[in-house]
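J.: Quick one, what's the 3D model for this:
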Amino acid sequence: MDHARINQPPEVLLSRYEIEQRVAELGAKISLDYRGRVPHMVGVLKGAWVFMADLIRHMEVDVTVDFLGISSYGSGTQSSGEVKITKDLDVSILDRDVLIIEDILDTGRTLKYLEDVLLAHKPRSLRVAALLDKRSRRIVPVRADYVGFEIADVFVVGYGLDFDQKYRQLPDIHVLRLAPTL
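T.: Residues are numbered from 1 along each chain as shown. Coordinates of the predicted model:
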């Protein structure tokens, strides 16, 4: 990453306290919706792992966990439009209640691809929880069943989200503004 491209320190968009409160609310809602069932939570790597870990700690139902690696960004700030699986599921989801855990919904291409792939494996149900939703950027009509926050069309880092593998460790979600490249 060219650090010269970053023209100012990242500004806080969502504080760790706002995030913690909202994740607790989502955990309670999901727990109610899945009462008597054991959702199989599929975290989308790499950005969703922090959200997923915190969400599970706020749930009052048993869960099983798996991860799916998806790539569509490379090292830029705009989706390449090409989606590929970089890590597949470890267990079958046949006849299971699957809950996809996403860090951010943007154009919808990645989620649509992911939903199509997972539905081919015939889960009992398939729902989506997304920490962030950029509805203004939607190209493919998809929606999450559980959304933490709707945000504007800004590039964000922190709380597991990165820019070129940096900033994941930040406890808050920040807007990262890059200087134009020449």
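
J.: CA only for contacts and neighbour counts going forward, please
T.: Fine.

J.: Show me where the chain has its strands.
T.: Under the criterion DSSP state E, the chain carries strands at the ranges 11-14, 40-45, 64-71, 84-87, 97-105, 125-133, 146-150, 156-157, 173-175.

J.: what helices or strands is the shortest one leaning on?
T.: The criterion is 3 or more Cα pairs under 8 Å, 6 or more residues apart in numbering; DSSP states H and E, and the helices and strands that strand 156-157 contacts are strand 173-175.

J.: partners of the strand it packs on in the sheet?
T.: Taking DSSP bridges as the criterion, strand 173-175 forms sheet pairs with strand 11-14 (antiparallel), strand 156-157 (antiparallel).

J.: And for the shortest one, what's in contact with it?
T.: Which is strand 156-157. 162-163, 167-168, 170, 173-176 (Cα atoms under 8 Å, 6 or more residues apart in numbering).

J.: Looking at the nearest residue to D62 once chain neighbours are set aside now. What's its pLDDT?
T.: Ranked by Cα to Cα, 6 or more residues apart in numbering and with sequence neighbours excluded, the top spatial neighbour of D62 is V38, at 5.4 Å. Confidence at V38, expressed as pLDDT, is 97.

J.: Just give me the longest helix of the protein.
T.: In terms of residue count, the longest helix belonging to the chain (DSSP state H) is helix 16-33.

J.: beta partners for the closest residue to F163 other than its chain neighbours?
T.: In this structure, F163 finds its nearest non-sequential neighbour in V157, 6.6 Å apart by Cα to Cα, 6+ apart. For V157, the residues forming beta bridges with it (DSSP bridges) are H174.
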